[in-house]
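J.: from the sequence below, what's the structure:
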Amino acid sequence: MPADAEDDDLSPAARRLYAYAVERHAFTVADATAALGARAAAAVSELAAAHLLQRAPGGGPERWSAVAPRAAAARALAPLALLVRETHDEMDRLRGRLEALVPAYEAGASHRDLSGSGRLELVTDLGAVRGLITELAAGCERELLTSQPGGGRPQETLEEAVGRDESLLARGVRMRTIYQHTARYSRPTAAYVERVTALGAQVRTLGDGLMRMLIFDGHTGLMAVPDRQGAALVVREPSVVHFMTAAFERSWTGAEPFPTTVSPEAAKSLSDELRQTIVRLLSEGLEDKVIARRLGMSERTCQRHIAEIMRAIGAKSRFQAGYLLASATAPRSAEASGPDGQVR
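T.: Here you go, the predicted structure:
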């Protein structure tokens with residue numbers, strides 16, 4: 001049907017009129033009104049707009065005749081078919097113009113690699129970053145390492161990632177991922193982890209100290225850019241990728257397996273560990289929002305933990321809490337070393 005026709009099915013009156021029309025060579029609106037009632041005139045307009053009625057030749061009053069449904073469909077779709085052909089032609093022209101630049105690009109990329117430049121590339125557009133991840137994942141052959149701080153991941157991000165990750169695992173690519181402990185309390189993240197681990201992925205969690213990064217086959221890495229939301233640094237310099245891989249392996253060694261269900265005992269253990277980490281970060285003088293960001297939790301949740309810690313140590317202010325916590329950790333540090341400063 002054309003764009004200005006109704007998208008819904010034909011009305012009951014139009015269906016009755018069409019049945020009436022196909023039984024006759026031709027009819028007038030007056031004939032249809034006498035047979036079907038006052039709505040016949042509107043039904044004629046509806047069927048004509050859908051190309052199911054056409055004016056019949058001959059003199060006298062305006063006469064109409066039925067059109068076969070397939071013929072009506074051909075008439076209605078003709079403008080769309082033309083638009084599709086024109087769109088395909090434009091796509092072919094655009095593809096040809098862009099592919100004409102391939103030799104120049106390959107020559108420049110070859111020169112760039114030989115000169116050593118281009119091994120660090122800043123990509124600031126989020127869409128371009130996602131496209132690059134998809135491209136690198138498609139070419140990944142051995143292993144993908146992922147470090148994702150920040151607690152649970154958004155549902156839409158997980159939905160985008162799961163198909164890509166399942167394809168990787170189906171090809172036999174090894175996949176290891178580290179989240180923060182707080183991700184265990186995210187139902188969408190736990191469901192995603194359950195799905196990919198069933199296919200062979202390995203997922204662990206850590207309390208603090210994660211940097212956001214992906215490493216493909218040990219030769220290409222992506223790192224988050226501080227204070228640049230959605231941006232990524234693409235790393236192809238072997239020594240830097242090696243450093244990123246070593247940092248991932250250190251975190252992996254200290255991380256714990258991600259359970260898809262958290263028992264009350266495990267939840268308490270995690271809560272205690274998180275509070276100990278908050279105590280350490282408080283003693284370093286960090287602000288609430290910085291601590292929350294590092295632990296992958298909301299600032300409100302972090303403030304609730306801090307308030308409980310302050311009540312436990314009897315502190316009246318953040319400054320006093322930091323002082324008391326720093327004083328409490330200092331003697332233990334001194335006991336850990338002898339008079340000569342050597343660690344015992």
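J.: hey, let's count contacts and neighbours off CA atoms from now on
T.: Noted.
J.: what about R142, how many neighbours?
T.: 15 (other CA atoms under 10 Å).
J.: look up phi and psi at G150.
T.: The phi/psi pair for G150 (degrees, to the nearest 10) reads phi 110, psi 10.
J.: residues contacting it?
T.: Applying CA atoms under 8 Å, 6 or more residues apart in numbering, we find G150 in contact with 179-180, 182-183, 293-297.
J.: now those in TSV, with secondary structure, pLDDT and distance to E284?
T.: Formatted as TSV, those follow (DSSP: H, G, I helix; E, B strand; the rest coil; pLDDT from 0 to 100; distance: CA to CA, whole Å):
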residue	secondary structure	pLDDT	distance to E284
Y179	strand	91	23
Q180	strand	86	20
T182	helix	81	21
A183	helix	84	24
R293	helix	73	15
R294	helix	73	13
L295	helix	74	15
G296	coil	69	18
M297	coil	72	19
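J.: out of those residues, which is most surrounded?
T.: Neighbour counts for those peak at Y179, which has 29 neighbours (criterion: other CA under 10 Å).
J.: would you check that it makes contact with S147?
T.: Yes. Here Y179 reaches S147: they are 6.4 Å apart, a contact under CA atoms under 8 Å.
J.: with adjacent residues omitted, what lies nearest to F248?
T.: In this structure, F248 finds its nearest non-sequential neighbour in S147, 7.3 Å apart by CA to CA, 6 or more residues apart in numbering.
J.: just the element for the one you found, please.
T.: Secondary structure assigned from DSSP states H and E places S147 in strand 143-148.
J.: in the next helix or strand after that strand, what's buried?
T.: Downstream of strand 143-148, the first helix or strand assigned by DSSP H and E is helix 155-170. Of all the residues in helix 155-170, those buried under the rule 16 or more other CA atoms under 10 Å are 158, 165-166, 168-169.
J.: can you give me the helices in the stretch 101-250 of the chain?
T.: 102-115, 126-139, 155-170, 187-197, 238-254 (DSSP state H, counting those that start in this stretch).
J.: tabulate the CA atom coordinates of the fourth one in CSV.
T.: Think helix 187-197. Extracted in CSV, the C-alpha atoms of helix 187-197 (Å, rounded to 0.1, in the frame of the first residue of the first chain):
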residue,chain,number,x,y,z
ARG,A,187,21.2,-9.8,38.6
PRO,A,188,21.8,-9.0,34.9
THR,A,189,25.5,-9.4,35.3
ALA,A,190,25.1,-12.7,37.2
ALA,A,191,22.8,-14.0,34.4
TYR,A,192,25.3,-13.0,31.8
VAL,A,193,28.2,-14.7,33.7
GLU,A,194,26.1,-17.9,34.1
ARG,A,195,25.5,-17.9,30.4
VAL,A,196,29.1,-17.4,29.2
THR,A,197,30.7,-19.7,31.9
